[in-house]
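Enquirer: when you get a sec, could you give me coordinates for this:
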Amino acid sequence: MSDDSTTTLREMSDEHLNATMQEACKALFKLKLQAQAERLDVPSELKRNRRLIARIKSIQTERANAAKQAK
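Expert: Have a look, this model is predicted:
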């Protein structure tokens, strides 16, 4: 993912960000199962999903900290 995708994530609402996080977690789970059972078609998908989840968590933490400071 590039800076454009990070910008896209930052522009998402909290609800949409949570939905994207859930989808990425489900996809990562399925990829991990597939990796254990057989060879993956695209092994880089594991890394891509892990990084997407990390980016989303970082954005959520930033928003939570900003909300605390605003109080």
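
Enquirer: contacts, neighbours, all on C-alpha from now
Expert: Fine.

Enquirer: would you list every one of the helices in this protein?
Expert: For the chain, the helices defined by DSSP state H cover 3-11, 14-37, 44-70.

Enquirer: in CSV: these, plus mean pLDDT and mean neighbour count.
Expert: Shown next, in CSV, are those (pLDDT from 0 to 100; neighbours: other Cα atoms under 10 Å):
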stretch, mean pLDDT, mean neighbour count
helix 3-11, 85, 12
helix 14-37, 96, 14
helix 44-70, 95, 14
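
Enquirer: residue nearest the middle of the chain, spatially speaking?
Expert: Ile53 (2.4 Å; Cα atoms, centre = their mean).

Enquirer: wait, isn't that one in contact with Glu23?
Expert: No: contact criterion Cα atoms under 8 Å: Ile53 and Glu23 do not qualify, at 9.7 Å.

Enquirer: and the residue nearest to the centre of the chain, what does it touch?
Expert: Counting by Cα atoms under 8 Å, 6 or more residues apart in numbering, Ile53 makes contact with Met21, Ala24, Cys25.

Enquirer: how much space between the nearest residue to Ile59 once chain neighbours are set aside and Lys26?
Expert: In this structure, Ile59 finds its nearest non-sequential neighbour in Arg10, 6.8 Å apart by Cα to Cα, 6 or more residues apart in numbering. Look at Arg10 and Lys26: by Cα to Cα, to the nearest Å, they are 21 Å apart.

Enquirer: what does Met12 give?
Expert: Counting by Cα to Cα, the gap from Met12 to Lys26 is 19 Å.

Enquirer: residue contacts, the nearest residue to Leu52 once chain neighbours are set aside?
Expert: Nearest non-adjacent residue to Leu52, counting by Cα to Cα, 6+ apart: Ala24, 7.3 Å away. Ala24 sits next to Asn49, Leu52, Ile53 when contact means Cα under 8 Å, 6+ apart.
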